[in-house]
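Student: Sequence and predicted structure, then a few things I'm wondering about:
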Amino acid sequence: MMMADLKENLMDVVGAITPITVAILLLQIFVLGSSWESILLFLASALLVTAGFTMFLLGVKTGMLPMGESIGAELPNRGTLVFILAVVFSLTFLVTVAEPDVRVLTITIESVSEGLLDRTALLLIIATGVGFFMMASALRIIYNVPLKLLLGVGYFCVLVLAFFTPPEFLAISFDSGGVTTGPITVPIILALGVGITSVLSRRTALSDSFGLIGLASIGPIIGVMLLGVLTG
């Protein structure tokens, strides 16, 4: 079974990476005039990326997704509402801290701002925003709150804050929301939603298990905007 999954993942990754690899290779040869050493280094890097993504997807399919679904399914049966929210916040907070895309963004911002924006503080704000909105997502599933209501309220707050946020924080805030939809955060968030919904038989999985990523990305946007308002 694992070998079949490995082969399937490898074919998916090769199909996704090959076009961009060929495009960059042609640019290196005909536009940039790169040396053979640079070209060989790029090809070796492409092979490493292929192997890395293949193993990562295998880990997601065999470990992360089942684990997230199991946790989400057990939460409604094992504890109170406060316990459920605490676990959801803690798990999504830690997953966001571990997200490579978020770390790349915070390191880049700290470098460009010449240390004016501390990457650790920015990382904690982004992770906290994801955690709070994932708690809101869990409450939405439990109490059957319409998704459009939460999205409307969330983006209304974003629009209002946009008038008061300094321009540099405005740009950073939307990038912060984008990087939370990375390869580590998304599987855990989706799996949690599927798990929680699976024990609430009165609802459909399609209507409640999805939309979580869109809600989770609002949290970092509002968090960074508030930071800009308070410090700007």
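Tutor: Received it, and whenever you're ready, just let me know what you need. Numbers count the residues shown, from 1 in each chain.
Student: Quick check: phi and psi at residue 166.
Tutor: Per-residue torsions, residue 166: phi -60, psi 150 (degrees, to the nearest 10).
Student: Report how many residues lie close to it.
Tutor: For residue 166, the tally of surrounding residues (other Cβ atoms under 10 Å) stands at 14. Every residue, glycine included, has its C-beta placed from N, CA and C.
Student: thought it was touching residue 228?
Tutor: Yes. Here residue 166 lies in contact with residue 228, judged by Cβ atoms under 8 Å, at a distance of 4.9 Å.
Student: Does residue 117 belong to a helix, a strand or coil?
Tutor: coil (DSSP: H, G, I helix; E, B strand; the rest coil).
Student: Look up how far residue 185 lies from it.
Tutor: Residue 117 sits 21 Å away from residue 185, going by Cβ to Cβ, to the nearest Å.
Student: what about those two, which has more around it?
Tutor: With neighbours defined as other Cβ under 10 Å, residue 117 and residue 185 compare such that residue 185 has more, 26 against 20.
Student: Look up how far residue 159 lies from that one.
Tutor: Taking Cβ to Cβ, one finds residue 185 at 24 Å from residue 159.
Student: Show me where this structure has its helices.
Tutor: Ranges of helices in the chain, per DSSP state H, are 2-27, 36-59, 65-78, 81-98, 100-112, 119-143, 147-162, 167-179, 185-198, 205-209, 212-216, 218-231.
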